[in-house]
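> no sequence for this one, just the structure:
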């Protein structure tokens, strides 16, 4: 197993194709936390995130076994793209069912250790601002919401975003521009104050 951990992703995929299941286990172990965090950050529901995570790796296994894997050394970007497509499918299904939730995350401000230090009023204001921004982002069209999350919450470059979304860098930049314009308009229209 130690030997496998020193191999590149494509070498591990090739070993898996040749029947070495441990090679895929190394890939799973290497990327599972990062990929699950990416999915959960967007979905905000553990059960749905678990389902998407499992389905992502199942699709990856089927694609590899069918000889259709071609990521040129970019396994993580490839598997993130699979997850990304499944997340979009999830959002579409929620919209069709009219069950889209802006924020199903509960937050108990009275039991948060992080708020014990510093000025509690500033911390409450900061939390409110972040909550307001999250709600505004959730109202953006899916392709704009996605790019805001990838860029600002996951600190991805526009090149990485373009690869994962299967678009050009210019398209990613354009979507970011429209997302920011739409956010500014919503802030102005709703007279939201985003400063302490």
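Nice, I can see it. Bear in mind the structure is a predicted one, so any value in this text is a computation, not a measurement.
> what about the helices in the chain?
Using DSSP state H, the helices found in the chain span residues 2-5, 9-17, 21-43, 46-65, 75-96, 120-138, 142-148, 158-165, 169-189.
> buried stuff in the shortest one?
Read it as helix 2-5. Buried residues in helix 2-5, counted by 16 or more other C-beta atoms under 10 Å: residue 4. Yep, even glycine has a C-beta here, placed from its N, CA and C like the rest.
> mind checking the end-to-end distance for stretch 63-78?
11 Å (C-alpha to C-alpha, to the nearest Å).
> Low-confidence stretches in this structure?
1-2, 71, 95-126, 192-196 (pLDDT under 70).
> how close does residue 190 get to residue 183?
Per C-beta to C-beta, to the nearest Å, residue 190 is found 11 Å from residue 183.
> center of the chain - which residue?
residue 38 (3.5 Å; C-alpha atoms, centre = their mean).
> dump the residue contacts of it.
80, 83, 154 (C-beta atoms under 8 Å, 6 or more residues apart in numbering).
> Including distance to residue 129 and neighbour count, could those residues go into CSV?
Listed next are the contacts of residue 38 as CSV, based on distance: C-beta to C-beta, whole Å; neighbours: other C-beta atoms under 10 Å:
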residue, distance to residue 129, neighbour count
80, 29, 24
83, 29, 24
154, 20, 16
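> and which of the residues you listed is nearest to residue 70?
residue 80 (15.5 Å; C-beta to C-beta).
> Residue 17 touches residue 64, doesn't it?
Yes: under the criterion of C-beta atoms under 8 Å, residue 17 makes contact with residue 64 at 6.3 Å.
> per-domain residue ranges of this structure.
Domain ranges of the chain: 1-101, 104-196, per automatic domain parsing.
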